[in-house]
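> Kindly generate the corresponding structure for this input.
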Amino acid sequence: MIDILTISSDPAQASAIARIVGAEDSHHRSKIANAELSDLCAHQEALDGIDLLILDGARMTQQDFDTLAALTARHSGLTCVLLTPSPSADLLIRAMRAGVRDVLQWPVAPQELQHAVDRIARKITGTRREGRVISFVSCKGGSGTSFLAANLGFAASTTGKRALLIDLNQQFGEAAFLVSEITPPATLADVSAQIDRLDPAFLDACLTHVSEDFDVLAGAADPARAKDIKPEHLQRILNLVRHQYDLIIFDIGQSISNVSIAALDQSECIFPVLQLSLPYLRGGHRLLEIFRSLGYRGDKVRVLVNRYEKKGPVGLAELEKALGQRAASVIPEDRASVSASINQGVPILRLTRSSGVAKGLNELARSLLPAPVPASVSSPALAQGRGGRLQKIFGKPTLGRA
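Predicted structure coming up:
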């Protein structure tokens, strides 16, 4: 699945292209912009997270090609396809220099455009990360949500994956201090206040680098500043990091707001965290009702039991009966190891890797990020026929952005 933006100053033309791209079961995320290329320069955030730009080139000028070259240079992961009624040799050369991958004559046979998009999608998804997005939500205060979210991120990083924790806890978010003694250089509120500056370098300077493959975007230290974080800020950050990390974890805390709902909507999995006691079961029941009202399907919500004791007053059977749902993950009680980890600001896997909590987090990380299956060798038949009009003229499979 890729994100596609179709841009044309002609609304009817943009809609016609989008209908072809989104036909049948393509599953790609597609958006339309009725604008000029110059508009994208003024609002470059429109390209955040976009994999494929389909451009109506009916009235392309040299200035437009210069603008397109600047955009493709700034957005290194962007692939461009140009649709034009007159694909002359001169236009093809200018398109190539501007970073266009493929040029198709418009009107185009729907199947030809769909095949071109599918070829590009296979290449993009075959060479990039498609980070999984998950959220941890507390059913009741003190459930251990932040500790689990932070330490799961570190556990994922020990498997050779890149993980990012985004602390959305609006009550003095301190998840970064659970796994690091480093004072965060900036917080989510700071990034949101300067969202127009957002790019990979700016975000990297704002992150707490816990280890080589695990970063934390710290929560707002002041609850008043947390209120300045908007859903659209979160979406821009997520668009930027989705392909830089294998796992993106939101620590939601207890607050259900417009911002936290934006994170939950984008999450593949939601982990309501509770302990086996009646107050937590009541809180869990209310939270699951909220998730149902938000339209989240059953397999998206996975109950996580923290501090589990076999001989505790409430068992897993009672949980299933109370919530109508089994526990997807169970983290055992280990008060001494957890306390030492929190007090020292050291990930529990680094401190006591053999503890039950560390083993449980390792198991959860492996379930979320299974080892990749070796790719089969591409067939010669699949390799044939790739590329478009640029390939036919210049004899190369791809030109411009590879």
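> Okay, residue 343 and residue 307: tell me how far apart.
17 Å (C-beta to C-beta, to the nearest Å). C-beta here means a position set from N, CA and C on the backbone, and glycine is covered the same way.
> quick one, which of the two is more surrounded?
residue 307 (22 against 8; other C-beta atoms under 10 Å).
> Other residues contacting the helix or strand hosting the more buried one?
Using DSSP states H and E, residue 307 maps to strand 303-308. Strand 303-308 has contacts (C-beta atoms under 8 Å, 6 or more residues apart in numbering) with 136, 143-144, 148, 271-276, 284, 316, 319, 323, 325-333.
> quick one: which of the residues you listed sit in strands?
136, 271-274, 327-332 (DSSP state E).
> Kindly indicate which of those lies nearest residue 248.
Here the nearest of the ones in strands among the contacts of strand 303-308 to residue 248, counting by C-beta to C-beta, is residue 136; it sits at 11.9 Å.
> need the contact list for the closest one.
145-146, 148-149, 152, 249-252, 271, 273, 304.
> In helices, which of the residues you listed appear?
Taking DSSP state H, the ones among the contacts of residue 136 that sit in helices are 145-146, 148-149, 152.
> and of the residues you listed, the nearest to residue 13?
Using C-beta to C-beta, residue 149 comes nearest to residue 13 of these, at 45.6 Å.
> got the contact list for the closest one?
So residue 149 contacts 136, 165, 175, 249-251 (C-beta under 8 Å, 6+ apart).
> Let me know the pLDDT of it.
The per-residue pLDDT reported for residue 149 equals 97.
> repeat for residue 384
Residue 384 is assigned 37 on the pLDDT scale.
> Please apply the same query to residue 49.
Residue 49 is assigned 74 on the pLDDT scale.
> mind giving me the domain split of the chain?
2-125, 132-368 (the TED database).
> For those domains, state which one has the densest average packing.
Scoring the domains of the chain by mean neighbour count under mean count of other C-beta atoms under 10 Å gives domain 132-368 as the most buried, with a mean of 19.
> gap between the two ends of that one?
8 Å (C-alpha to C-alpha, to the nearest Å).
> Return the distance of that domain from the chain's centre.
With C-alpha atoms, centre = their mean, to the nearest Å as the basis, domain 132-368 stands 15 Å off its chain's centre.
> Please produce TSV containing the ones in strands among the contacts of strand 303-308, extended by pLDDT and distance to residue 214.
Shown next, in TSV, are the ones in strands among the contacts of strand 303-308 (pLDDT from 0 to 100; distance: C-beta to C-beta, whole Å):
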residue	pLDDT	distance to residue 214
136	98	16
271	98	18
272	98	24
273	98	20
274	96	25
327	96	26
328	95	23
329	96	20
330	97	24
331	97	19
332	96	23
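> out of the residues you listed, who's nearest residue 222?
residue 136 (22.1 Å).
> List the beta-bridge partners for that closest one.
Legend: beta-bridge partners of residue 136 under DSSP bridges are residue 251, residue 271.
> ok, it to residue 246 distance?
Distance from residue 136 to residue 246, counting by C-beta to C-beta: 17 Å.
> what's the answer for residue 134, then?
11 Å.
> my read is residue 54 is in a strand, agree?
Yes. Counting by DSSP: H, G, I helix; E, B strand; the rest coil, residue 54 is found in a strand.
> Need the nearest residue in space to it, chain neighbours excluded.
The shortest distance from residue 54 to any non-neighbouring residue, by C-beta to C-beta, 6 or more residues apart in numbering, is to residue 6 (4.5 Å).
> show me the contacts for the most centrally placed residue in the chain.
By C-alpha atoms, centre = their mean, the chain has its centre lying nearest to residue 242, at 3.1 Å. Shown in contact with residue 242 (C-beta under 8 Å, 6+ apart): 49, 129-131, 133, 248.
> Tell me the one of those residues nearest residue 202?
residue 49 (15.9 Å).
> would you say that closest one is within a strand?
No. Counting by three-state DSSP, residue 49 is not found in a strand; it is coil.
> tell me the contacts of it?
3, 238-240, 242.
> and the gap between it and residue 33?
14 Å.
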